[in-house]
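> Fold the following and give me the result.
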Amino acid sequence: MVTLADERLQAGLTVLAGVVGPGLAKFALTAAGYSLLGTLAWTWGFAAIVTLFWHRWIRSLDLTGPTP
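Now for the predicted structure:
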């Protein structure tokens, strides 16, 4: 059974929210005539989700190679 405690589900929902949220904000603001504000909302929203994803899931990975 998949629960919200499942890391894969959390990562997937984070990525989904990071793509859909800023995209909808950009669409709404651009449609209202605020294209620059829409672009800024998309940029800051996407950057925030990338930073959150890195901080939560990627930062803790040990990405070092083997010792000689």
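> So which other helices or strands are in contact with the helix or strand hosting residue 44?
Using DSSP states H and E, residue 44 sits in helix 35-53. Using 3 or more Cβ pairs under 8 Å, 6 or more residues apart in numbering; DSSP states H and E as the contact test, the elements touching helix 35-53 are helix 7-31. C-beta here means a position set from N, CA and C on the backbone, and glycine is covered the same way.
> ok, and for the helix it packs on, which residues are buried?
By neighbour count with 16 or more other Cβ atoms under 10 Å, helix 7-31 contains the buried residues 18, 21-22, 25-26, 29-30.
> again with stretch 49-57
So, applying 16+ other Cβ under 10 Å, buried residues of stretch 49-57: residue 49.
> What average pLDDT does it get?
On average, the pLDDT along stretch 49-57 is 89.
> end-to-end on that stretch?
12 Å (Cα to Cα, to the nearest Å).
> where does this structure dip in pLDDT?
1-2, 4 (pLDDT under 70).
> Quick check, central residue of it?
residue 49 (2.8 Å; Cα atoms, centre = their mean).
> Which residues are in contact with it?
14-15, 17-19, 21-22 (Cβ atoms under 8 Å, 6 or more residues apart in numbering).
> do that again at 10 Å, thanks
Counting by Cβ atoms under 10 Å, 6 or more residues apart in numbering, residue 49 makes contact with 14-19, 21-22.
> What distance do you get for the residue located most distally from the centre of the chain to residue 60?
Distance from the C-alpha centroid of the chain peaks at residue 68, with 36.6 Å (Cα atoms, centre = their mean). In this view, residue 68 and residue 60 are 25 Å apart by Cβ to Cβ, to the nearest Å.
> before we move on, what about residue 51?
15 Å.
> Please apply the same query to residue 9.
For residue 9 relative to residue 60 (Cβ to Cβ), the value is 18 Å.
> Residue 24 now?
From residue 24 to residue 60 the distance is 30 Å (Cβ to Cβ).
> can you count the residues close to the closest residue to residue 30 other than its chain neighbours?
Once flanking residues are discounted, residue 30 sits nearest to residue 38: 4.0 Å by Cβ to Cβ, 6 or more residues apart in numbering. Residues near residue 38, counting by other Cβ atoms under 10 Å, number 20.
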